[in-house]
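K.L.:
Have a look at this fold, sequence not included:
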């Protein structure tokens with residue numbers, strides 16, 4: 001039986017997840033079908049909320065992505081990193097996030113969140129992943145000055161000047177340009 005509030009059939013939508021990487025690393029995914037959050041998306045390694053959105057034009061299935069929960073000891077809930085990722089692009093975004101984890105020295109995603117993701121600003125993380133998609137740069141997160149890191153690693157991006165002027169506007173424009 002399906003939840004009457006769900007925007008998605010979660011079991012059908014798992015084909016849009018990089019299940020091999022998730023299973024290999026024992027990453028806890030909280031996949032809620034709506035904002036009610038029954039899957040505790042804010043208390044998982046990677047939290048997903050299924051939505052329907054017309055943000056990119058025609059109404060379509062999208063997902064919100066949450067990262068950074070420190071759930072074992074209840075230290076922190078996950079932060080909203082992406083407001084809307086089209087379902088067709090979800091696997092690409094999650095693969096990038098998990099590849100960041102794989103390149104780190106951490107064996108547990110929660111440790112990676114505590115020591116890397118949560119040391120960086122939310123908007124920086126959003127821009128980092130959007131710029132990686134746009135430029136196809138094979139680079140990985142470091143804990144150092146965020147503005148310097150963006151300028152050094154993404155100097156080949158056509159959006160880098162806007163990133164320096166207005167992060168929120170850059171996020172909105174990048175999101176729409178990449179996924180329209």
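P.N.:
The structure has been received and is ready for your questions. As the structure is a computational prediction, the values presented were derived from the model and not from experiment.
K.L.:
ok now do residue 119, which residues does it touch?
P.N.:
By C-beta atoms under 8 Å, 6 or more residues apart in numbering, the contact list for residue 119 reads residue 143. Just so you know, the C-beta spots here come from the backbone N, C-alpha and C atoms, and that holds for glycine as well.
K.L.:
Could you measure from it over to residue 68?
P.N.:
For residue 119, the distance to residue 68 equals 10 Å [C-beta to C-beta, to the nearest Å].
K.L.:
now residue 45
P.N.:
Counting by C-beta to C-beta, the gap from residue 45 to residue 68 is 9 Å.
K.L.:
so what sits against both of these two?
P.N.:
What both residue 45 and residue 68 touch, as defined by C-beta under 8 Å, 6+ apart, is the set residue 113.
K.L.:
which non-adjacent residue is nearest residue 178?
P.N.:
residue 133 (5.8 Å; C-beta to C-beta, 6 or more residues apart in numbering).
K.L.:
whoops, I mixed them up, residue 106
P.N.:
Going by C-beta to C-beta, 6+ apart, residue 106 has residue 112 as its nearest residue, at 4.1 Å.
K.L.:
Hmm, residue 101 and the one you found touching each other?
P.N.:
Yes. Counting by C-beta atoms under 8 Å, residue 101 is a contact partner of residue 112 at 4.8 Å.
K.L.:
which one of the two has more residues nearby?
P.N.:
Set residue 112 next to residue 101 and count neighbours by other C-beta atoms under 10 Å: residue 112 wins out with 26 against 23.
K.L.:
by contact count, what packs against the helix or strand containing residue 93?
P.N.:
Assigned by DSSP states H and E, residue 93 belongs to helix 90-103. Packing partners of helix 90-103 (3 or more C-beta pairs under 8 Å, 6 or more residues apart in numbering; DSSP states H and E): helix 19-24, strand 46-53, strand 60-67, helix 109-115, helix 122-135.
K.L.:
Tell me the gap between it and the middle of its chain.
P.N.:
8 Å (C-alpha atoms, centre = their mean, to the nearest Å).
K.L.:
could you give me the average pLDDT of it?
P.N.:
Model confidence over helix 90-103, given as mean pLDDT, is 97.
K.L.:
What lies in contact with the one helix or strand in the chain whose mean pLDDT sits lowest?
P.N.:
The weakest-scoring helix or strand in the chain, judged by mean pLDDT, DSSP states H and E, is helix 10-13 (a mean of 73). For helix 10-13, the surrounding residues in contact (C-beta under 8 Å, 6+ apart) are 31, 33, 39, 50, 61, 87.
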